[in-house]
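Engineer: Build me a model:
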Amino acid sequence: MADPAITVEGAEKTYGDKKALDGLDLTVARGTVHGVLGPNGAGKTTLVRILSTLLRPDAGRVEVAGHDVVREAYAVRLRIGLLGQHAALDEELGGRQNLELFGRLHHLGARRARARAGELLERFDLTDTGRKAVRQ
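Structural biologist: Numbering: from 1, shown residues only. The predicted model follows:
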């Protein structure tokens, strides 16, 4: 396959003692639609977060549009769009986490997104709710 849209080789991601991705290999051809299916806890969200540069893999090689998601995150972000399955907020995440996520998607970088989330929570007098899940 010439110039795949996505290349994942040996991707690993661990949370504590839980392996979310354990040597995942995946190739997606340009110009195709690809679905990722599996039960809860299979690593689907982790994979999407890695592909969108919101999370770094612990091991392996991951490329999107020919760019390494770790070394060339900005180039990846210029070439992709990401839309969650819900149109607005992720109700399982806290307000702060949602604000940081949107900040990262708008290319603020992790540190600046955290700072801006804090500024907004303070500005709207919501600092005490920032860690609560949005659904609460």
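
Engineer: From the chain's centroid, how far away is stretch 116-130?
Structural biologist: 22 Å (C-alpha atoms, centre = their mean, to the nearest Å).

Engineer: And for stretch 38-49?
Structural biologist: Centre to centre, stretch against its chain (C-alpha atoms, centre = their mean), the figure for stretch 38-49 is 11 Å.

Engineer: Next, the buried residues of that stretch.
Structural biologist: 43, 44, 45, 46, 47, 49 (16 or more other C-beta atoms under 10 Å). Where C-beta positions appear, they are placed from N, C-alpha and C, glycine not excepted.

Engineer: ok, now stretch 92-107?
Structural biologist: 93, 94, 95, 96, 97, 98, 99, 100, 101, 103, 104, 105.

Engineer: before we move on, the earlier item: got JSON lines for the buried residues of stretch 38-49, with secondary structure too?
Structural biologist: Listed next are the buried residues of stretch 38-49 as JSON lines, based on DSSP: H, G, I helix; E, B strand; the rest coil:
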{"residue": "43", "secondary structure": "coil"}
{"residue": "44", "secondary structure": "helix"}
{"residue": "45", "secondary structure": "helix"}
{"residue": "46", "secondary structure": "helix"}
{"residue": "47", "secondary structure": "helix"}
{"residue": "49", "secondary structure": "helix"}
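
Engineer: quick check, nearest of those to residue 110?
Structural biologist: The shortest gap between residue 110 and any of these belongs to residue 49, at 12.7 Å (C-beta to C-beta).

Engineer: Could you tell me how far the closest one is located from residue 77?
Structural biologist: Here residue 49 is placed at a distance of 13 Å from residue 77 (C-beta to C-beta, to the nearest Å).

Engineer: what do you get for residue 20?
Structural biologist: 22 Å.

Engineer: so residue 9 makes contact with residue 60?
Structural biologist: Yes: the criterion here is C-beta atoms under 8 Å, and residue 9 meets it with residue 60 at 5.8 Å.

Engineer: Which one of these two is surrounded by more residues?
Structural biologist: The residue with more neighbours, out of residue 9 and residue 60, is residue 60; 16 against 13, by other C-beta atoms under 10 Å.

Engineer: Let me know the secondary structure of the more buried one.
Structural biologist: strand.

Engineer: Many thanks, have a good one.
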